[in-house]
Every structure is written in C-alpha cells, then in structure tokens.
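[1] Turn this into a model:
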Amino acid sequence: MIQVQVTQSARRTLTEAVIQRKAEKQLSWAGIAESGGLSREFVTAALLGQHPLPESAAVAVGKTLDLTEGDVKLLQAIPVRGSFPGGVPTDPTMYRFYEMIQVYATTLKALIHEDFGDGIISAINFKLKLEKRDDPEGGHRCVITLDGKYLPTKPF
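    Take a look at the predicted model:
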C-alpha cells in the first residue's frame, strides 16, 4: 500500500537525521546514491524530502545510513513537496535559483510555447543533471540540465 504524507514534519525530521548521518559517516550524496542504484540527483532530492524512493533503493540507502526500519518506510512515502516553506528563500544559493526563475521564467515560457505550442514541461517525467566544468576564463562553471517531457494542453 502506498503511504502518502499530509504534512512535511516527519520528512523534515528524517531529512535532518539523514544529513547528520551523512556528515558522521563522511559520505557524499553520490556515494549514498550509488548504494541505491539511482541517480545522485534523484536520491539527493528524495533524501531531502522531495520524492519517495522505491523500496529496493530505500532499503539500500537505509543500510548505508544506518536508518531505522520506520525511516526506510518513510523514505518510500509520497511526500508533501516544496522546499521554500517560508516564501522567498534567504539562503544565498537557494535564492539565486529563485532569482533565475524570477528573471528567466517568462523567457522560458515564451520560448517553450514558440517551439512546442501550448503546454507545460513535466516535473514528474523529468531528469536533472548537475555537472562541474572548467571555465576557459578560469574557475568553474555549474551546468544544470533540466530535462522534462513536454505535455501539450488538450482541449476537452
């Protein structure tokens, strides 16, 4: 039976425990994800309370982090999603993503509709990838790929 959460409180508590165990065990998100057999990006999002994990991945991650059986079950529950509970984020990294959406959302919408027509980009049938690349001008660049299925609006 699928368990659905109706508040974020239990997952927030579990997220804090996950972050603590990750630090204590000196693990990376990639190392944790490897045990679950899913992408680093998906497992990280799940462990931060944004996705349920399939049973096999939840069990593997639970072993890696020494989680309780109850915690492993909670990792499989459908969460209440959203990571900005207080409105505009104050953390500088999170705020920059918020700022990017504020600045570029209308541009992305206009270009999506021009290229695809009326519809949306799915956040359910979706893939995320983050890469670190050297910048030819010095330093590094962060390349983020958001890969969502286009879903056309259907008249009814």
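[2] from here on, contacts and neighbour counts on C-alpha atoms
    Will do.
[3] Now find how far off-centre the helix or strand encompassing Val18 is within its chain.
    Using DSSP states H and E, Val18 sits within helix 9-24. The gap between where helix 9-24 is centred and where its chain is centred comes out at 15 Å by CA atoms, centre = their mean, to the nearest Å.
[4] same question, stretch 135-142
    Centroid separation for stretch 135-142 versus its chain: 25 Å, with CA atoms, centre = their mean.
[5] Now for the residue nearest in space to the middle of the chain: which residues touch it?
    Within the chain, one residue has its C-alpha closest to the average C-alpha position: by CA atoms, centre = their mean, that is Ala45, at 3.0 Å. If a contact means CA atoms under 8 Å, 6 or more residues apart in numbering, then Ala45 has His51 as its contacts.
[6] and Glu149, what element?
    Not Glu; residue 149 is Lys. Using DSSP H and E, the element containing Lys149 is strand 140-152.
[7] Would you mark the buried spots in that strand?
    Within strand 140-152, the residues that count as buried by 16 or more other CA atoms under 10 Å are Tyr150.
[8] Could you verify that the residue nearest to the centre of the chain is part of a helix?
    Yes: counting by DSSP: H, G, I helix; E, B strand; the rest coil, Ala45 is part of a helix.
[9] Please determine how far Lys129 is located from Gly87.
    Here Lys129 is placed at a distance of 25 Å from Gly87 (CA to CA, to the nearest Å).
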